[in-house]
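Student: kindly generate the corresponding structure for this input.
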Amino acid sequence: MNYIILTYALYLPATIGLTVWVAKTLFVNGRIFLIDIFHGNELLADSVNKLLVTGFYLINIGYAVYTLQILDDIQTTRAVIEKLSLKLGAIILILGGMHFFNLFMFFNLRKRATKNPTHHDQV
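Tutor: All right, here's what the predicted structure looks like:
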């Protein structure tokens, strides 16, 4: 019996579930940083936050679908678990990397915003 379809059926929901969970966490908690960065402009902060989450979904789900293909046969439950661990591990590492990249960007933007707090009034 070949377990490739089972592996696909487990991989996609797990990947999409992880991506949605991380995106929601970033969306809710990133809002506070963005409001601070944009000097209390909640409308702008919410708009940027939605754009960031949309990009996050596109990149992560796109990568998951792009790497879905399994070239070798999967003949045992053990092979299913091992293949899933490799594929899900890669997705988790990418999600973690994107999370830290977002934090890096937020902190840099916040640092820049606090150095020049009235810049938005000069435009």
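
Student: distance check, residue 94 against residue 56.
Tutor: Note on residue 94: its distance to residue 56, by CB to CB, to the nearest Å, is 11 Å. Backbone N, C-alpha and C define where each C-beta goes, glycine included.

Student: got the confidence number for residue 80?
Tutor: At residue 80, the pLDDT value in this model is 93.

Student: again but with residue 119, I slipped
Tutor: On the pLDDT scale, residue 119 gets 52.

Student: packing partners for the helix or strand of the chain with the lowest mean pLDDT?
Tutor: Every helix and strand of the chain was ranked by mean pLDDT, DSSP states H and E. The lowest is helix 77-115, at a mean of 86. Judged by 3 or more CB pairs under 8 Å, 6 or more residues apart in numbering; DSSP states H and E, the packing partners of helix 77-115 are helix 4-37, helix 42-66.

Student: from residue 80, how far out is residue 9?
Tutor: For residue 9, the distance to residue 80 equals 10 Å [CB to CB].

Student: and these two? Which one has more around it.
Tutor: residue 80 (17 against 11; other CB atoms under 10 Å).
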